[in-house]
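[1] Provided below for reference: sequence and predicted model.
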Amino acid sequence: MSDILRSFRRNAVHVRQATGILKADAGRMQMEGGYLQDEGLIERYKRLSIPVRRALNAKDRASFVQALAELDQAPAASPDALARARRAWEAFQTELDTTVGLGGGRVPRRQILGGWLDAAAFYDKLERDRAYDQLIDQWGKAVEAMGSQLMEDAAGVVLLLDEVAAAALGEPVILPPPVKTPPPPPDPKEAWWRRLLGLGARQDG
């Protein structure tokens, strides 16, 4: 089966994990002035925004459109499930083409989502450009709620197609975690007590 589907699925693992973290931590969010207030919220959205950006980038091997095209040619793909994923994708694209009042003008939702994904993906408390703060300054605090909701909607569509890809590949929907790289064997020249204490090999000189 195509490497594109496998790339899509590996990326969808991160979408699923990040979505689960958002739901698990939802109770920690507080409303203040009509907006979500949570110091860790943007960090959790950053974790979701990175794989969602890949899935929405048509040139990325993990993109939704490339995976959809591959599944169109996959004999093992369920036609009904594939049709549901396609309809969800088309409905989402239609929504992104609509506009909303923001910052004193009408802004396409697609532009809001793109700006939010970039700001969240590259967010860094120590950065000097402050892309996230610039986004808020440009469109106001409401862009956070709009952008994050669109991002979650995109994640839902990605996971819907991931179920189709899993069936086509004969894999479980929830992939097992990757096997961790085993630690290197102990140095036979290293004293046993140093290995026991986890101190590592002695560096001479």
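    Received the coordinates, thanks. Residues are numbered from 1 along each chain as shown.

[2] not counting its neighbours along the chain, what's nearest residue 166?
    Once flanking residues are discounted, residue 166 sits nearest to residue 173: 4.7 Å by CB to CB, 6 or more residues apart in numbering. In this view, the C-beta of every residue, glycine as well, is placed from N, C-alpha and C.

[3] tell me what the host helix or strand of residue 70 is packed against?
    Assessed by DSSP states H and E, residue 70 sits inside helix 64-72. Packing partners of helix 64-72 (3 or more CB pairs under 8 Å, 6 or more residues apart in numbering; DSSP states H and E): helix 3-24, helix 79-96, helix 142-169.

[4] now these as CSV including distance to residue 113 and mean neighbour count?
    Conversion of the helices and strands packed on helix 64-72 to CSV gives the following (distance: least, CB to CB, whole Å; neighbours: other CB atoms under 10 Å):
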stretch, distance to residue 113, mean neighbour count
helix 3-24, 15, 18
helix 79-96, 6, 15
helix 142-169, 4, 20
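
[5] need those helices in a markdown table (columns: mean pLDDT and distance to residue 52).
    A markdown table is the format used below for the helices and strands packed on helix 64-72 (pLDDT from 0 to 100; distance: least, CB to CB, whole Å):
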| stretch | mean pLDDT | distance to residue 52 |
| --- | --- | --- |
| helix 3-24 | 92 | 6 |
| helix 79-96 | 97 | 12 |
| helix 142-169 | 95 | 5 |
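
[6] tabulate these (CSV), appending distance to residue 51.
    CSV is the format used below for those (distance: least, CB to CB, whole Å):
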stretch, distance to residue 51
helix 3-24, 4
helix 79-96, 16
helix 142-169, 8
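
[7] of all those, which one is nearest residue 57?
    Proximity to residue 57, assessed across those by CB to CB, is greatest for helix 3-24 (10.4 Å).

[8] just checking, what packs against that closest one?
    Contact partners of helix 3-24 among helices and strands, from 3+ CB pairs under 8 Å, 6+ apart: helix 41-56, helix 64-72, helix 142-169.
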